[in-house]
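Chemist: here are the coordinates; sequence isn't available:
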């Protein structure tokens, strides 16, 4: 998720480490804050893989700052991750939101629709946070208002996402043409 966010934000333009950390934190920080001890090793790994380049440039004050750029190999890696996301990227809500934030960088409407169809297929499977054996339980089955709330909120969120997915897939299919 962190690497995808870094690639996606660098696709939108170069950034120095602090700026990148701020952008990633705004996208994912409410769930998983981004620590320097996580961000900078990821940047180092990605630079080692040839996905990003680093250049020292004059800073606003006096000290130079290291600015990160997306390399051609990073563009290819971003496209690969967007075109063929890992199943966990489609099923884990936080990872899905990160993928969704950058799916516009996949320039092929048919490929975008394909990713959305995979998310749709996941959401259309019966699921719950609680089970009676193998059967997913519904909010109405609980006397506990907190579990009812959890399941009711999840159901409303899923309905909204399903409606958006259907509308967006239809729009992308029209854009892709026959």
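Modeler: Alright, I've got the coordinates. Predicted model, so just to flag it, every value in this text is computed and none were measured.

Chemist: From the centre of the protein outward, give me the first residue you hit.
Modeler: The residue lying closest to the centre of the chain (Cα atoms, centre = their mean) is residue 98, at 1.5 Å.

Chemist: My read is that that residue contacts residue 5, right?
Modeler: Yes - at 5.4 Å, residue 98 and residue 5 qualify as touching, with contact defined as Cβ atoms under 8 Å. Yep, even glycine has a C-beta here, placed from its N, CA and C like the rest.

Chemist: Specify the residue ranges that define each domain of this protein.
Modeler: With domains defined by automatic domain parsing, the chain comprises 2-78, 108-176.

Chemist: chain center to the first one: distance?
Modeler: Looking back up the chat, that one is domain 2-78. Computed by Cα atoms, centre = their mean, to the nearest Å, the chain-centroid distance of domain 2-78 equals 16 Å.

Chemist: Quick one: end-to-end length of that domain, please.
Modeler: Using Cα to Cα, to the nearest Å, the end-to-end distance of domain 2-78 comes out at 12 Å.

Chemist: How about stretch 98-106?
Modeler: Start-to-end, stretch 98-106 (Cα to Cα) is 14 Å.

Chemist: can you confirm the residue nearest to the centre of the chain is in a helix?
Modeler: Yes - assigned with DSSP: H, G, I helix; E, B strand; the rest coil, residue 98 falls within a helix.

Chemist: Which residue is the nearest non-sequential neighbour of residue 55?
Modeler: In this structure, residue 55 finds its nearest non-sequential neighbour in residue 67, 5.4 Å apart by Cβ to Cβ, 6 or more residues apart in numbering.

Chemist: The one you found in helix, strand or coil?
Modeler: Secondary structure, three-state DSSP: residue 67 is strand.

Chemist: ok so, going back, which non-adjacent residue is nearest the residue nearest to the centre of the chain?
Modeler: Counting by Cβ to Cβ, 6+ apart, the residue nearest residue 98 is residue 1, at 5.0 Å.

Chemist: quick one: that neighbour and residue 156, what's the gap?
Modeler: Using Cβ to Cβ, to the nearest Å, residue 1 is found at 25 Å from residue 156.

Chemist: got it, and residue 45?
Modeler: Applying Cβ to Cβ, the value for residue 45 to residue 156 is 39 Å.

Chemist: Can you name every helix or strand that the strand or helix carrying residue 168 contacts?
Modeler: Using DSSP states H and E, residue 168 sits in helix 145-176. Helices and strands touching helix 145-176, as assessed by 3 or more Cβ pairs under 8 Å, 6 or more residues apart in numbering; DSSP states H and E, comprise helix 109-123.
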